[in-house]
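Engineer: Give the three-dimensional model of this entry:
(2 chains)
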Amino acid sequence: MQIDLKQVEEAAKELYIRALKRLPPDIKEGFTGLVRRETSATGQSVLATMIRNIAVAESTDNLLCQDTGLPIYNVEIGRAVQLDGFALKQAIRKGCERATTEHPLRSSVVHPVTRKNEQTSCGPRVPVINIDFVDAGEHLSIEMIPKGSGSENNTFLHMAIPADGIDAIKTFVIDCVLNAGGKTCPPTIVGVGVGGTGDLCVHLSKVAATRALGSRCSDPEGAKLEAQLTDAVNQLGVGPQGLGGDATSFAVHIELAATHITMNPVAVNMQCHSARRARATWTPAGLEYGF
Amino acid sequence: MAHYDFHMPVTEAQVRALKVNDTVTLHDTLYGIRDATQIHMFDRGRTTKFDLRGHAVVHTAPNVRWVGETAAAPVGYEPVCVGTTTSDRMERFTRPLMEQYGVRIIIGKGGLRQGSLDAFRDLGGVYLAVIGGAAALETTWIEQIEDVDLHDLNPESLWKFRIRGFGPLLVSMDSHGASLYTDVNTQARERRAAVLASLGVKG
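Structural biologist: Predicted coordinates for the structure are as follows:
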């Protein structure tokens, strides 16, 4: 399958704007579940405002949140796809820039030392482009995630040691949620990376935080831990916006990797309630947008 | 739990009357302020042409569209999406904003710390919680971008918005030493041991 890179550029632009305006159905359903269980009057009121905002964004064709985030593009390439990989990255970058200047969107991206904003949502190594090769045939998928800073600023890595055991992982997750309080714009999805190298562990926490609600960790031990920790963080009472209540998190998601005999790393990355993502998929039938 | 409608600016007495869990809706004028705005104002010696005495600031950096100067867009910008950012990063600017510029109300999300709570008590101020992430809704409360200062910091300029019915916002930190964030955080920390025990963590 040949991919038209001009179409990739258009899609990279379209995906950024779509992600900012429409929440995926699984997140909307997640809100319904939280409302059903919320016992705090303040919590109910905050959740109602969030749900109203989703409807206002759709009816006014506006962005859900002002934070256009750090742009992330996750690319999956099937086995029967031929393309120029470098040109693909250029096309994505160009689409990201065009979304910013043509919509227009707030460029939230600055140089880390000079703090200069190029007003393009681009800079050194940004947008983040992750590329993976998957066991599919004529298939290309690009997922776009505008990662908000309120949640991203609550990213933590703890290089625990084997003697600390699984208790260290559980305690770290609970303490991260406690310390984040309302700063992450709860209810959140708490992404937890377990194992791997330090950098892989943090990356996995982001993969976990941006997974669809209702999905489970493919590893049975990870899935068990997800269920336990989801219940536990929602016993803390942090609540929507940190103003108290039951709905601290939609879910805790875990992604894991094998690690070294001497290591026990755990990382936490959070996703805010505006858990935005959009996806474009190319198959022999053509290009289709979704989540 | 009372509700107030404030036409900005307000007096110290109006702000001191507020208690946590009251709600407030603002009208007329609101200023948008952000990390870089305050870094330049308080660390780099820049000043603003705006008179902020008795006014409210919201922690924001809006999405705006350049349309050229018209009657509806006096400085050439119209709002696209105006929301609220996490306040905690701007904690150290609360007191100078109040002392040097006379700001009475800070609007944000996620709350501020003890230093700000002390400043609210000492100088007569209050923190109002807007629902973070609900920017599409918040934008419907903004009528116009009336003016802008520290323009080179865009989007982190100092924005002057004309507003109508901005709220209701929850009083979550008041001038009497009360903070909902402190209360919630204290309760959550009290639950920590029981939560860890439920996970089988040995203490």
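Engineer: Angles on the backbone of the residue most central in space within chain A, please.
Structural biologist: Nearest to the mean C-alpha position of chain A, counting by Cα atoms, centre = their mean, stands A:T210 at 2.9 Å. In this entry, A:T210 is assigned phi and psi values of phi -110, psi 10 (degrees, to the nearest 10).
Engineer: Check it and give its pLDDT.
Structural biologist: You'll see A:T210 listed with a pLDDT of 98.
Engineer: Skipping adjacent residues, who's closest to it in space?
Structural biologist: A:I145 (5.3 Å; Cβ to Cβ, 6 or more residues apart in numbering or on different chains). In this view, the C-beta of every residue, glycine as well, is placed from N, C-alpha and C.
Engineer: Check B:A73 too.
Structural biologist: Nearest to B:A73 is B:V67, by Cβ to Cβ, 6+ apart, at 5.1 Å.
Engineer: show me what contacts that neighbour?
Structural biologist: Applying Cβ atoms under 8 Å, 6 or more residues apart in numbering or on different chains, one finds that B:V67 lies in contact with B:73, B:76-78.
Engineer: So which elements touch the strand or helix carrying the residue nearest to A:T210?
Structural biologist: Element membership for A:I145, per DSSP states H and E: strand A:140-147. Using 3 or more Cβ pairs under 8 Å, 6 or more residues apart in numbering or on different chains; DSSP states H and E as the contact definition, the elements that strand A:140-147 packs against are helix A:5-21, strand A:70-77, strand A:278-283.
Engineer: Which positions in stretch A:271-282 come out as buried?
Structural biologist: For stretch A:271-282, a neighbour-count test (16 or more other Cβ atoms under 10 Å in any protein chain shown) marks A:271-282 as buried.
Engineer: Where does the spatially closest residue to B:F42 that is not a sequence neighbour sit: helix, strand or coil?
Structural biologist: Sequence neighbours aside, B:P96 is the residue nearest to B:F42 in space, at 5.2 Å (criterion: Cβ to Cβ, 6+ apart). Each residue gets one of three states, and B:P96 gets helix by DSSP: H, G, I helix; E, B strand; the rest coil.
Engineer: Compute the distance between B:P96 and chain A, please.
Structural biologist: Computed with Cβ to the nearest Cβ, to the nearest Å, the distance linking B:P96 and chain A is 20 Å.
Engineer: got the buried residues for the helix ranked longest in chain B?
Structural biologist: Counting by DSSP state H, the longest helix found in chain B is helix B:180-198. For helix B:180-198, the neighbour count (16+ other Cβ under 10 Å) marks B:180-182, B:184-185, B:188, B:191, B:195-196 as buried.
Engineer: can I get those residues in JSON lines with pLDDT?
Structural biologist: Putting the buried residues of helix B:180-198 into JSON lines (pLDDT from 0 to 100) gives the following:
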{"residue": "B:L180", "pLDDT": "97"}
{"residue": "B:Y181", "pLDDT": "96"}
{"residue": "B:T182", "pLDDT": "96"}
{"residue": "B:V184", "pLDDT": "96"}
{"residue": "B:N185", "pLDDT": "96"}
{"residue": "B:A188", "pLDDT": "97"}
{"residue": "B:R191", "pLDDT": "98"}
{"residue": "B:V195", "pLDDT": "98"}
{"residue": "B:L196", "pLDDT": "98"}
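Engineer: ok, back up a step: next, count neighbours for the residue nearest to A:T210.
Structural biologist: Counted with other Cβ atoms under 10 Å in any protein chain shown, the neighbours of A:I145 add up to 26.
Engineer: Enumerate every residue touching it.
Structural biologist: Contacts here follow Cβ under 8 Å, 6+ apart; on that basis A:I145 touches A:19, A:69, A:71-74, A:210, A:276-277.
Engineer: Make sure the residue nearest to B:F42 is actually in contact with B:I33.
Structural biologist: No: with contact defined as Cβ atoms under 8 Å, B:P96 does not count as touching B:I33 (11.9 Å).
Engineer: Give me the more crowded residue out of the two.
Structural biologist: For B:P96 versus B:I33, the count of surrounding residues by other Cβ under 10 Å is larger for B:I33: 28 against 14.
Engineer: Tell me what the more buried one is bridged to.
Structural biologist: Beta-bridge partners for B:I33, by DSSP bridges, are B:H59.
Engineer: Could I get the pLDDT score of it?
Structural biologist: We note a pLDDT of 98 for B:I33 in this prediction.
Engineer: Between which two of the buried residues of stretch A:271-282 is the distance greatest?
Structural biologist: Taking Cβ to Cβ as the measure, these span a maximum distance of 30.6 Å, between A:H273 and A:W282.
Engineer: Residue 115: neighbouring residues, count only.
Structural biologist: All of this refers to chain A. As a burial measure, A:R115 scores 12 neighbours (other Cβ under 10 Å).
Engineer: meant chain B, my bad for not saying
Structural biologist: 12.
Engineer: swap in B:D22?
Structural biologist: 19.
Engineer: which residues touch it?
Structural biologist: With contact taken as Cβ under 8 Å, 6+ apart, B:D22 is in contact with B:1-4, B:170-171.
Engineer: Keep only those residues that also lie close to chain A.
Structural biologist: The subset of those within reach of chain A, counting by Cβ under 8 Å from any Cβ of the partner chain, consists of B:L170.
Engineer: If any of the contacts of B:D22 are buried, give me the PyMOL selection for them.
Structural biologist: With 16+ other Cβ under 10 Å as the burial test, the buried ones among these are selected in PyMOL as follows:
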select buried, chain B and resi 4+170+171
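Engineer: which one of the contacts of B:D22 sits closest to chain A?
Structural biologist: The shortest separation between chain A and any of the contacts of B:D22 is 7.1 Å, and it belongs to B:L170 (by Cβ to the nearest Cβ).
Engineer: quick revisit: just to be sure, which of the contacts of B:V67 are found in strands?
Structural biologist: Among those, the subset assigned to strands under DSSP state E consists of B:77-78.
Engineer: and the two most separated of the contacts of B:V67?
Structural biologist: Greatest spacing in these, by Cβ to Cβ: B:G76 and B:E78 (8.5 Å).
Engineer: any chance you could map the strands in chain A?
Structural biologist: Along chain A, the segments classed as strands by DSSP E run A:70-77, A:128-133, A:140-147, A:155-160, A:188-195, A:249-257, A:264-271, A:278-283, A:286-290.
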